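Chemist: Here's my sequence, what's the structure:
(one chain, ligands or ions: 1)
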Amino acid sequence: MNKKFFVTTPIYYVNDKPHVGHAYTTLAADVLTRWHRERGDEVFFLTGTDEHGAKVAQAATVAGKPEQEFVDEKAAAFKEAWQKLNINYDNFLRTTDPVHVAAVKTATQYLYEKGFIYKGQYRGLYCQSCEQYKNPDDLINGKCPEHQVEPQLMKEESYFFKLSQFEKLLKEKIESDELEIKPIERKNEVFSFISQGLKDISISRETVSWGISLPFDKKYTLYVWIDAFLNYLTGLGWSGQAGQPPKFFSPDVQLMSKDILRVHATIWPGLLLALELPLPQKIFVHGYFTIDGQKMSKSLGNVIWPEDLVVKFGRDGARYLLMSSLSYGQDGDISWQRLAEKYNSDLANGLGNLVSRVMKLNEEFKINPSTRLRARIKNLEKLFNEIKFKEILDEIWQEIAWANRYIEEKKLWDLLKTDPEEGKKVLSELLSLISEIAKVLSPFLPETSEKIFEQLTLRQDSGLTGKIKPLFPRI
Ligand code: MSP
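Modeler: Numbering: from 1, shown residues only. Reported below is the predicted structural model:
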């Protein structure tokens, strides 16, 4: 049966171009999208950029550019990177898009009229790099653990969103998995955070001019997170009407990392409840990349840019290396050297070698791969539903390793001469395994998968025996 499947990524801050962390999340959404499309589901994949707020405005100032010009440039850099990685989203939502801005104003006005927004006095700690509030006990040595900077003390007249009102309901929905948070450790973490009590949050800024002005008090701009969350609705064409979810809403899976889980499990569903809209089904939290054991940062100069991965390893090579670097829910460390080693062992030697050896052997026999699927790669459906990318790839690569060993063990070259019947049987088995591998790999390595199918059918249809180009030239 066809199902709808709506998957989202965070919309990224445009203070810089995307790095491998952003690429991982977006690629993960692309892989899920391709998998669900192949099964016949009706899929919508939404991504985009978060372009307002103090952090982005500051980056524009540093670059010496007007904000709009700066964000236009950076948003284009995100789109370009996704194109290079062969990521096919259905919509790329930018929060400076006037249609988004208008819908956000409509929704904010509604919340104000319904009494979910009220005026008060705000006093508290705020980390501008996170664009998030901090509790004193979040800090390590007085600093934000994420950014190693002291948060600012913020004190201003402010409008508040009545988040506290939804504390009990949110706890229930998270506990019962009506709003599922995966992996389980992340759910527990959020649950205990909410159990300490949810406070109303300040949603207006007097000093930040780069933002959406409050429709009921133009002296203020809207807190960037409120603006940002609504992208998950406006990205589907929502015009800001409470109680009227757009087609595809709510998200089946929202992908993100741990840095933004708390706000996604509190403010975001709080907004949805206030707007009488359904909550997301699932929030999936993947791990963080570190580079050579260190946090990735521009100041350390160790950032890995996705375009550089594509230049070195090719599109599918980059996709494979990214998707296989994080185990379920775990952080992962990468380095150029280990990526290159993995490329050579898994792609050049593993998959590439298997395909070229078998194709070469088959030049003489032109055996058709049988379409019968082997039972070995079987847990995929379950693993995809659990969002276990690396684990899926590991299963597939076990098959590849098995097949390469099988060729050795059977001494297939000799066998085809000494016992052609048996040799052809083995060859046919390998061909069908390769065609199955090409099929299950297609969400991850779409171009490679196509190339393999081409080679299989070329041989079959016309007996063409032109030179077989290696899928992954060694590095
Ligand atoms: N603009 C907000 C999100 C608003 S969504 C309504 C934001 N942007 S961000 O640019 O900082 O992106 C954060 C997300 O980027 C993380 O949740 C994760 O998806 C991805 N990553 C950023 N750095 C990462 C790593 N080092 N490793 C893995 N993913 C990381 O927060």
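
Chemist: The closest residue to the ligand within the chain: what's its closest spatial neighbour, skipping adjacent residues?
Modeler: Residue of the chain nearest the ligand, by Cβ to the nearest ligand atom: Gly21 (2.3 Å). No exception for glycine: its C-beta is placed from N, CA and C like everyone else's. Excluding the flanking residues, the one nearest Gly21 by Cβ to Cβ, 6 or more residues apart in numbering is Phe289, at 5.3 Å.

Chemist: can you check Trp305 too?
Modeler: Using Cβ to Cβ, 6+ apart, the closest residue to Trp305 is His19 (6.0 Å).

Chemist: Pick out the residue closest to the middle of this structure.
Modeler: Thr25 (2.0 Å; Cα atoms, centre = their mean).

Chemist: and that residue, what element?
Modeler: helix 20-38 (DSSP states H and E).

Chemist: That helix: how far from the chain's middle?
Modeler: How far helix 20-38 lies from its chain's middle: 6 Å, per Cα atoms, centre = their mean, to the nearest Å.

Chemist: Just the buried residues of the helix or strand that comes right after that helix, please?
Modeler: As assigned by DSSP H and E, the chain's next helix or strand after helix 20-38 is strand 42-50. For strand 42-50, burial by neighbour count (16 or more other Cβ atoms under 10 Å) applies to Val43, Phe44, Phe45, Leu46, Thr47, Gly48, Thr49, Asp50.

Chemist: Show me the subset of these that also lies near the ligand.
Modeler: When contact is defined as Cβ under 6 Å from any ligand atom, these meet the ligand at Asp50.

Chemist: Quick one: the buried residues of strand 42-50 as TSV, columns for pLDDT too.
Modeler: Shown next, in TSV, are the buried residues of strand 42-50 (pLDDT from 0 to 100):
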residue	pLDDT
Val43	98
Phe44	98
Phe45	98
Leu46	98
Thr47	98
Gly48	98
Thr49	98
Asp50	98
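
Chemist: Report the two of the buried residues of strand 42-50 separated the most.
Modeler: Val43 and Asp50 (23.0 Å; Cβ to Cβ).

Chemist: Give me the residues contacting stretch 95-113.
Modeler: 11, 48-52, 68, 71, 93-94, 117, 159, 161, 212, 214-216, 222, 226-228, 230-231, 233-234, 238-242, 271, 274-275 (Cβ atoms under 8 Å, 6 or more residues apart in numbering).

Chemist: mind listing which of those are in strands?
Modeler: Of the contacts of stretch 95-113, the ones assigned to strands by DSSP state E are Gly48, Thr49, Asp50, Leu93, Arg94, Ile117, Tyr159, Phe161, Leu214, Leu222.

Chemist: of those, closest to Lys424?
Modeler: Using Cβ to Cβ, Gly48 comes nearest to Lys424 of the ones in strands among the contacts of stretch 95-113, at 52.7 Å.

Chemist: I'd say that closest one and Leu93 touch.
Modeler: Yes. With contact defined as Cβ atoms under 8 Å, Gly48 counts as touching Leu93 (3.4 Å).

Chemist: which residues are in contact with both of those two?
Modeler: In contact with both Gly48 and Leu93: Ile11, Asn231, Gly235, using Cβ under 8 Å, 6+ apart.

Chemist: before we move on, back to that, and the residue nearest to the centre of the chain, what does it touch?
Modeler: The contact partners of Thr25, taken as Cβ under 8 Å, 6+ apart, are Thr9, Pro10, Leu255, Met256, Ser257, His286.

Chemist: From those, list the ones also adjacent to the ligand.
Modeler: Applying Cβ under 6 Å from any ligand atom, the subset of these adjacent to the ligand comprises Pro10, Met256, Ser257.

Chemist: can you list the residues you listed in TSV and add pLDDT and neighbour count?
Modeler: Formatted as TSV, the ones next to the ligand among the contacts of Thr25 follow (pLDDT from 0 to 100; neighbours: other Cβ atoms under 10 Å):
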residue	pLDDT	neighbour count
Pro10	98	22
Met256	98	17
Ser257	97	19
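
Chemist: I'd like these laid out as TSV, including distance to Trp336.
Modeler: TSV is the format used below for those (distance: Cβ to Cβ, whole Å):
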residue	distance to Trp336
Pro10	26
Met256	26
Ser257	22
